[in-house]
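*Asks:* I need the structure of the sequence given here:
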Amino acid sequence: MKKIFGRIYSDYMMPSRLEHHEKILVAASNAGYTHTSLRDFFKSMKTGETPSDNVILHRHDIDTDVRTARRLFQIEKKYKVKSSYYFRLCTLDVDLMNEIEEYGSEASYHYEELATFAKKHNIKDPAVLRERLPEIRDYFLKNFQLLESRLGRKMVTVASHGDFANRRLKLSNTEILRCPMLRSACGIECEAYDEKLLGHFGVYISDRPPPQYYYPISPLDAIRSHSRVYLLTHPRQFDTNWKENTKSNLVRFYEGLTW
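*Replies:* Next up is the predicted model:
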């Protein structure tokens, strides 16, 4: 019951936390941190120009609520912050993605084909699903190339979405990209959970619903104790959007019943 009330508060009653995001940006800048997108940080890794200290990588996964994603983007433009935004097929906003790219931040793909395939074909056995990986990878390639065509831009990094189906299966969407040939065919240089990326950061922080807000520590604490910070956030945790939250909850409820 406590969990249900917590979800209701988070989705429909929580005051806006956009000012908190602004506070993080200002605090990090005042502490001398460089704000970077995943793409730009990985590029610096390849060229050997990675900052030695005081860098914060901003990654936004747009699971729901494009409206709040736009508001986060406007705040970041105000402070000249660069970051990465990853959009699912169900949250694509090509105009916003192009605005993000034209500003100098990154807009790319938040993929979930493994979970989508499992639900569509009613597969609940991880071993059976792994046997279908060639089909799933073809499905990913088709979606990836279609999105690039719509954007008219090359995407070089992507980020796996975490669906309830992945948690039940105990199988991440990252399984799709455990295939060098697929990465090469897509021109993907880095996945957001690649160890070669994560190993460069002292702390990886993800936002959480209230009252926790962040795990394992808050970004404000992190910039006082770590020189390299990887911060993952979701629009849903910064503002309430009744329409989008209700839509998302109904889809999740339906999929939970039918899969």
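
*Asks:* immediately after the lengthiest helix in the chain, which helix or strand?
*Replies:* Of all the segments assigned as helix in the chain under DSSP state H, the longest by residue count is helix 133-151. The helix or strand immediately downstream of helix 133-151 is strand 157-160, counting by DSSP states H and E.

*Asks:* in its sheet, what does that next one sit against?
*Replies:* When pairs are called by DSSP bridges, strand 157-160 turns out to pair with strand 106-111 (parallel), strand 190-191 (parallel).

*Asks:* can you give me the helices for this structure?
*Replies:* Counting by DSSP H, the helices of the chain are 2-8, 18-30, 38-47, 66-78, 94-103, 113-120, 126-131, 133-151, 164-169, 180-186, 195-198, 219-225, 242-258.

*Asks:* which parts of the longest one are buried?
*Replies:* Buried residues in helix 133-151, counting neighbours by 16 or more other Cβ atoms under 10 Å, are found at 133, 136, 137, 139, 140, 143, 144, 147, 148, 151. C-betas here are computed from N, CA, C, even on glycine.

*Asks:* kindly report the same for the fifth one.
*Replies:* Neighbour counts over helix 94-103 (16+ other Cβ under 10 Å) mark 96, 97, 99, 100, 101 as buried.

*Asks:* closest one of the residues you listed to residue 83?
*Replies:* Sorting the buried residues of helix 94-103 by how near they are to residue 83, with Cβ to Cβ, puts residue 100 at the top with 8.6 Å.

*Asks:* now the buried residues of helix 94-103 in TSV, with distance to residue 229 and pLDDT?
*Replies:* Written out in TSV, the entries for the buried residues of helix 94-103 read as follows (distance: Cβ to Cβ, whole Å; pLDDT from 0 to 100):
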residue	distance to residue 229	pLDDT
96	25	98
97	25	98
99	26	98
100	21	98
101	24	98
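
*Asks:* got the residues you listed as CSV, with distance to residue 174 columns?
*Replies:* Below are the buried residues of helix 94-103 laid out as CSV (distance: Cβ to Cβ, whole Å):
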residue, distance to residue 174
96, 25
97, 22
99, 28
100, 23
101, 24
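
*Asks:* from these, which is closest to residue 32?
*Replies:* Minimum distance to residue 32 across these is 25.2 Å, recorded for residue 100 (Cβ to Cβ).

*Asks:* now do the contacts for the nearest residue to the closest one once chain neighbours are set aside.
*Replies:* Computed as Cβ to Cβ, 6 or more residues apart in numbering, the closest residue to residue 100 that is not its neighbour in sequence is residue 107, at 4.1 Å. Neighbouring residues of residue 107 by Cβ atoms under 8 Å, 6 or more residues apart in numbering: 84, 85, 86, 87, 96, 97, 98, 100, 101, 151.

*Asks:* can you put those in a markdown table and add distance to residue 165?
*Replies:* Listed next are these as a markdown table, based on distance: Cβ to Cβ, whole Å:
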| residue | distance to residue 165 |
| --- | --- |
| 84 | 24 |
| 85 | 23 |
| 86 | 18 |
| 87 | 19 |
| 96 | 27 |
| 97 | 26 |
| 98 | 31 |
| 100 | 28 |
| 101 | 30 |
| 151 | 27 |
